[in-house]
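build me a model from this:
(chains A and B, ligands or ions: 6)
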Amino acid sequence: MSDEHTTPTHDDTPQPATAPASDAPSDDRGEAQTGAGADARGETQAGAGADARGETRNVKVEPAGDGRFKVSVCAGTACVFAGSMAVHDAFVEEVKAAGLEDKVDVSIIGCHGLCSQSPVVVCSDDSFYGGLKPTDVAAVVEQHLKGGAPVEKLLYKDPATGEAVRDWHEIGFYKQQTRIALRNVGVIDPESLEECLARGGYEAARTCLTEKTPEWIIQHVTDSGVRGRGGAGFPTGVKWEFAHKSPGAEKYIICNADEGDPGAFMDCSILEGDPHAVIEGLLIGSYAIGAHEGYVYVRAEYPLAVKRLTQAIADAEARGFLGDDCFGSGWRFHLHIKLGAGAFVCGEETALIASIEGKRGMPRTRPPYPAVSGLWGKPTNINNVETLANIAWIINNGAEAYAALGAERSRGTKAFSLAGKIVNGGLAEVPMGSTLRHIIFDVGGGIKDGREFKAVQLGGPSGGCLPASLLDTPIDYESLAATGAIVGSGGMVVVDDQTCMVDLARFFLQFTQRESCGKCVPCRLGTKRMLEVLDRIMAGDGREEDLDLLEELSHYIIDGTLCALGGTAPNPVLTTLKYFREEYEAHVREKRCPAGKCKALITYYIDPEACTGCTLCAKKCPTNVISGEKKQPHVIDVAGCIKCDTCRQVCKFDAVKIRSGIAQTAEV
Amino acid sequence: MLGMFKAMRTTLRHLPRKPITVQYPEERPALPERSRGLFRVVIDPVSGEPRCRACTLCETNCPVQVIRVNYESKYELPLPNAARVADARIDLQPPVDMKLLKPVLDDWREHGTGLIAVMQNTQEQYGYLPRAAICEISTQTGVSLSQIYGVASFYNQFRLSPIGKYVIDVCHGTACHVAGAPLITAALEEELGVDEGKTTKDMLFTLSSVACMGACSQAPVMRIGDETYGNLTPDRTRKIIRDAMAKVGAVKG
Ligand SMILES: Cc1cc2nc3c(=O)[nH]c(=O)nc-3n(C[C@H](O)[C@H](O)[C@H](O)COP(=O)(O)O)c2cc1C
Ligand code: SF4
Ligand code: SF4
Ligand code: SF4
Ligand code: FES
Ligand code: FES
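Ligands and ions are numbered 1, 2, ... in the order given. A predicted model of the protein is given here:
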C-alpha cells in the first residue's frame, strides 16, 4: 500500500502486467542516478541528442514564402497582456507609411518563449527585440527595416555582460533548449495553415493514413517511449494499444486541454502557437485506435487558444485533412471543441468525460477504464495536448531519435512553463533527465533581482516544493516522485526568500479545497480541516501538535479518496513540512513569519536612518497612518496599519522594513 | 494435527466469553449516536410523504456508486399552486428578454450541442443564468430543473444571479499569488467597497478571481472587461480602479 502512496501520480490508467510503469520504482531509482542513467544522459548530449537538437534548433523565422523580410510580433497571452497588439499595429502602420509593404511582411506568432521580455518581436535576420513600446517602432522601421542595421539599444541584452545579442539563438535561454512539442510554437503564424505546411505540418498524418497500418503507428509510438505529459506519465503507445484492441465500432479520442494547474501555461501556448500539431496528433491517434469522432476539451479561460483552434480546425477541414475523407485515404474523422466550465477536477479523465456528457464533472471509480467504457459508454482514449503535439515529430523523425533523448524510463523532452521569481520566465523545452538546476539557472537565468533561491514548486496543487538541496534531482517521473513532488503537467514556479512556505502550502490547499468535487469525505472535509489548521498557524495561534496533526490528516486523505485530486492534495503541505519544517516551527513557536508575508505575524516600520523624508509613502498610504515632517524620518502608526505593503513598494530608498513578529505597540 | 489442536484451543477459549455478534434483527446492538446505519428515504412526519425530491445529487455523489434514484413525479403540486410558486420564484429576478434564448435553443436543436454548451451560450446572452431561462431550457430539452441546477452549481463559470457590467478578474494563479495577488484583491475590495465575488450595488463592477491566465511573466495580472493589466502593485491597482470608476460614474459599495 505505502509504495503506491509515495509515488503520487496524477492518474492511474489501466496498468497491464507488462507496463513499465508498474515496476517497483524504488529499485531502478538508484541506478538511474548513478550508472546507466548518467550514461544515457551523457550520450544524449553528445550523440544522437545533438542531431535532434540540430534539427530542432533550426527554429528560424524564415523569410516569408515570397521572400519578403519578416517581422514577427509575439501574440502569446503574456505578450498580449504587455500590449503586443498595439506594437503589431504600429508596425503595420509604420511599414505602410514607409512604403515598405512589398519588402516587409508583418505577422504574428504564438509564444516565442521568453515571455519575461514581452512584448517580443523577432525578425527573419534573427534579431530579437524585447519590451518594445509602440513608440519604439518608428525607430526600428527607420533604422532596421530601411537601413538594414538592428537598433542596438532595443535588442535583447545579455544580463551578464549587458551587451546586445545579435542572434537570438545565442541567448542562453534558447541555446539550452531542445524543442519537439514546441517545434513550431513561436515560429509560424498560428492562424495560417500555409506556414504550418511549409514547416512540414500534416506530412506525418498523410503518411500514416495513406501508407501505414494502425499497428505500425502504435508500435512506433511505443518504441519512442513517449509517456503521457498530462501528469501520470503512462506510456502513450500502451494506452493506444488498449483503445485499439478494445472491441466496438464506435470509439472516441479526446484531447485534454483543461490545463488546470494554476501556474502552468504550456498547453495554452501550444494551442495558441501551433494548434495544427495537436490536430495532427489527434488525427494520427484516431486512425491508430479506430476513432471517428474526436473532442478537444479546452478551458474556457483560454479564449485566444479556443479562437485559434477553432480556426485551425476549419482550415484543416477546408483542405480535406479532417472530415469524411481525410487526405483522400477514405479515413473519416470529425473533431469538435468542448469548452470547460471552470472546474479543476474536470482534468481528471472520468470527470472530463462526465463533463462532455453534460453532467456534473465528478470522477467515478475505475475500472471500467475509459479505454473500455468512456464517453457515452464507448471505448475512449484521452491524451494531453503536449503528448499529442509530440506524435507527428516521432513519426517524421523516427522513434529512435525520440528515444535517444532523455534518461532511463523517461524519454524525449518535456516542456515547462517557468514562472515566479525567475529571470527568464517563459516557455522552455528540455530533454527529460536534465537537472532542476540546469533548468532554473542555465535556462531560466537564475533568480530575479539577485535574490536567494528558496524553493521550486513543481506540478501545481498535486506537486510539491523542493529546496535548494534537491536542485540536482534529474527531471524524470521516478526521481521526482521519490522527492515527493511530481513532474505533473510541467508548471514550475520558482520562489525566493520573500515567499512564505506556509502561505504557499495554504494557497494550494485552498485551491484543491475549493475544487474538490465533494464526492469523498476525506477530500471534501479533510482538506477543509487542514486549511483551518494552516490558517490557525498563519494567524499566530498555532499549537505545538498542529504539525503532526497536519501529517496525520494528510495520510488519511491520501488513503481515503477516489481520484488523484484528493490523493495528491496534501502533497504541497507534506513537502513543505518535510523540507521547510523550521519555517512552520517559527510560526508556531516564535509566532513570527521569517519571510515577512503572513499579515498577522509582521509589523511594518520605517528605518529612520534610511528615510529621507520624501513624504511619498505618507501620500500613498490608504489609511493615512504614516506621519512625519518633510525631510524628517517618517513613522508608521502600527495600530492603524492594514499591512497593504504600499509604502514598502513605493519607497525609493528601501526605508520601509518588515519586522517579523507580532506588533509591540511600544516600539515604532 | 497440531493445527487442529490450535483451532480447538481458540474455540474453547471463546466458549465461556460473551458473544461478540448479536442475532440481528431479533437483537439490536446499541449503536453510537452518530452512526447512520443503512440509508432510507426520510418520511416527513407532517405530510406523511417522503422528503426526497429526486434531485439525484446523492446518486452523483456516492463514492461507491450504490445509489440509484428511480423516480416518477409523485409529488406534483396541484397545478395552479405549482405555477404560482414557479412564477413567484421568477418574479424575484429582474425580467429578462426571452427572445435572446431562441438562437441558443435553435442551435441546440440543429447541432445537438450538449447541456453545458447550452448553458454557456445562455450565460453569454444574459451574463448569468436567469431562472426564467433555465425553466425554458428545462421544458424544451426535457432535462429536469434539478439536474440543470446541479450542473450550474457545480461549475465555477455559471452564475445564478445578475453580475455587474464590468467584471474584474484578478488572477490568483501560483505566480500571481507569489507576486502579491492577495494584496491586489485587498486593494480592490477596499476601493470598490465589496468583497471578492460580489457586485457593487450600482451593478457596475463585479470583483472575481481566476486561476492562471497564462501571462505569468507579467504577474500579478488582472482583467477589467476586455482591458488587461500586468505587473500590478496595490498602488497602481487603486489608481486604475479609481479611474475606471470615475469614468463610468460608479460609487463605492
Ligand atoms: C485532478 C486532476 C487534474 C488533472 N488535470 C489535467 C490537466 O489539466 N491536463 C491534462 O492533460 N491532464 C490532467 N490530468 C490527468 C488526466 O487525468 C489524464 O491522465 C491525462 O489527460 C492523460 O493524458 P496523457 O496520457 O497524455 O498524460 C488531471 C488529473 C487529475 C486527477
Ligand atoms: S478525491 Fe476529491 S475530487 Fe476526487 S472524487 Fe473524491 S471528493 Fe471528488
Ligand atoms: S517613502 Fe521612504 S524615504 Fe520617503 S518618507 Fe516614506 S519611508 Fe521615508
Ligand atoms: S502597509 Fe499600507 S497601511 Fe500600513 S503603513 Fe504602509 S501603506 Fe499604510
Ligand atoms: S507570450 Fe510572447 S514570448 Fe511568451
Ligand atoms: S499565475 Fe497569474 S497569469 Fe499565471
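
now the strands: where do they sit in the stretch 151-300 of chain A?
Secondary structure of the stretch 151-300 of chain A by DSSP state E, counting those that start in this stretch: the strands cover A:252-257, A:293-298.

dump the ones you listed into JSON lines; add distance to chain B and mean neighbour count as well.
For glycine as for every other residue, the C-beta is placed from the backbone atoms N, C-alpha and C. Shown next, in JSON lines, are these (distance: least, C-beta to the nearest C-beta, whole Å; neighbours: other C-beta atoms under 10 Å in any protein chain shown):
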{"stretch": "strand A:252-257", "distance to chain B": "12", "mean neighbour count": "28"}
{"stretch": "strand A:293-298", "distance to chain B": "10", "mean neighbour count": "23"}
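
turn these into JSON lines, including mean pLDDT and distance to residue B:116.
Shown next, in JSON lines, are the strands of the stretch 151-300 of chain A (pLDDT from 0 to 100; distance: least, C-beta to C-beta, whole Å):
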{"stretch": "strand A:252-257", "mean pLDDT": "92", "distance to residue B:116": "15"}
{"stretch": "strand A:293-298", "mean pLDDT": "92", "distance to residue B:116": "11"}
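
now those as a markdown table including distance to residue B:98?
Formatted as a markdown table, the strands of the stretch 151-300 of chain A follow (distance: least, C-beta to C-beta, whole Å):
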| stretch | distance to residue B:98 |
| --- | --- |
| strand A:252-257 | 34 |
| strand A:293-298 | 30 |
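
columns distance to ligand 6 on top of the ones you listed, output as TSV?
Shown next, in TSV, are the strands of the stretch 151-300 of chain A (distance: least, C-beta to the nearest ligand atom, whole Å):
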stretch	distance to ligand 6
strand A:252-257	16
strand A:293-298	17
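
helix, strand or coil: sort out residue B:223 for me.
Classification of residue B:223 using DSSP: H, G, I helix; E, B strand; the rest coil returns strand.

coming back round to it: of the strands of the stretch 151-300 of chain A, which is nearest residue A:468?
strand A:252-257 (33.2 Å; C-beta to C-beta).

tell me the residue of the stretch 51-200 of chain A that sits nearest ligand 4?
The nearest approach of the stretch 51-200 of chain A to ligand 4 comes at residue A:81, 26.4 Å away (C-beta to the nearest ligand atom).

repeat for the stretch 351-500 of chain A
For the stretch 351-500 of chain A, C-beta to the nearest ligand atom, closest residue to ligand 4: residue A:498, 15.3 Å.

can you dump the C-alpha coordinates of stretch A:348-356 into CSV?
Provided in CSV are the C-alpha atoms of stretch A:348-356 (Å, rounded to 0.1, in the frame of the first residue of the first chain):
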residue,chain,number,x,y,z
GLU,A,348,-9.3,14.0,-14.4
GLU,A,349,-10.3,11.7,-17.3
THR,A,350,-13.6,10.3,-15.9
ALA,A,351,-14.7,13.7,-14.7
LEU,A,352,-13.8,15.1,-18.1
ILE,A,353,-16.0,12.5,-19.8
ALA,A,354,-18.9,13.3,-17.5
SER,A,355,-18.5,16.9,-18.3
ILE,A,356,-18.6,16.3,-22.0
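
what residues of that stretch count as buried?
Within stretch A:348-356, the residues that qualify as buried are A:348-356, counting by 16 or more other C-beta atoms under 10 Å in any protein chain shown.

got these as TSV, with distance to residue A:245 and pLDDT columns?
Below are the buried residues of stretch A:348-356 laid out as TSV (distance: C-beta to C-beta, whole Å; pLDDT from 0 to 100):
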residue	distance to residue A:245	pLDDT
A:348	24	89
A:349	18	89
A:350	20	90
A:351	25	90
A:352	22	91
A:353	20	91
A:354	25	89
A:355	27	90
A:356	23	89
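
for the residues you listed, which one is nearest residue B:144?
Looking across the buried residues of stretch A:348-356 and measuring by C-beta to C-beta, the closest to residue B:144 is residue A:354, at 16.9 Å.

ok, back up a step: which ones are touching the residue of the stretch 51-200 of chain A closest to ligand 4?
A:118, B:213, B:215, B:218, B:221, B:228-230 (C-beta atoms under 8 Å, 6 or more residues apart in numbering or on different chains).

model confidence at the closest residue to residue A:339 other than its chain neighbours, what's the number?
Distances taken as C-beta to C-beta, 6 or more residues apart in numbering or on different chains place residue A:300 nearest to residue A:339, at 4.6 Å, with adjacent residues excluded. With respect to pLDDT, residue A:300 scores 82.

residue A:300: how many residues sit nearby?
For residue A:300, the neighbour count with other C-beta atoms under 10 Å in any protein chain shown is 17.

what of residue A:210?
Residues near residue A:210, counting by other C-beta under 10 Å: 13.

what sits against residue 86?
Here I'm looking at chain A. Residue A:86 touches residue A:134, counting by C-beta under 8 Å, 6+ apart.

other chain: chain B
Counted by C-beta under 8 Å, 6+ apart, residue B:86 has contacts residue B:135.

where's it, which helix or strand?
helix B:79-91 (DSSP states H and E).

in the helix or strand following that helix, what's buried?
Using DSSP H and E, the helix or strand that follows helix B:79-91 in sequence is helix B:101-111. Going by neighbour count (16+ other C-beta under 10 Å), the buried part of helix B:101-111 is B:101, B:104-105, B:108.

and helix B:101-111, how far out from the chain middle?
Centre-to-centre, helix B:101-111 and its host chain are 25 Å apart (C-alpha atoms, centre = their mean, to the nearest Å).

mind listing residues that contact it?
Contact partners of helix B:101-111, identified using C-beta under 8 Å, 6+ apart, comprise B:113, B:117-118, B:121-122, B:125, B:133, B:136-137, B:140-141.
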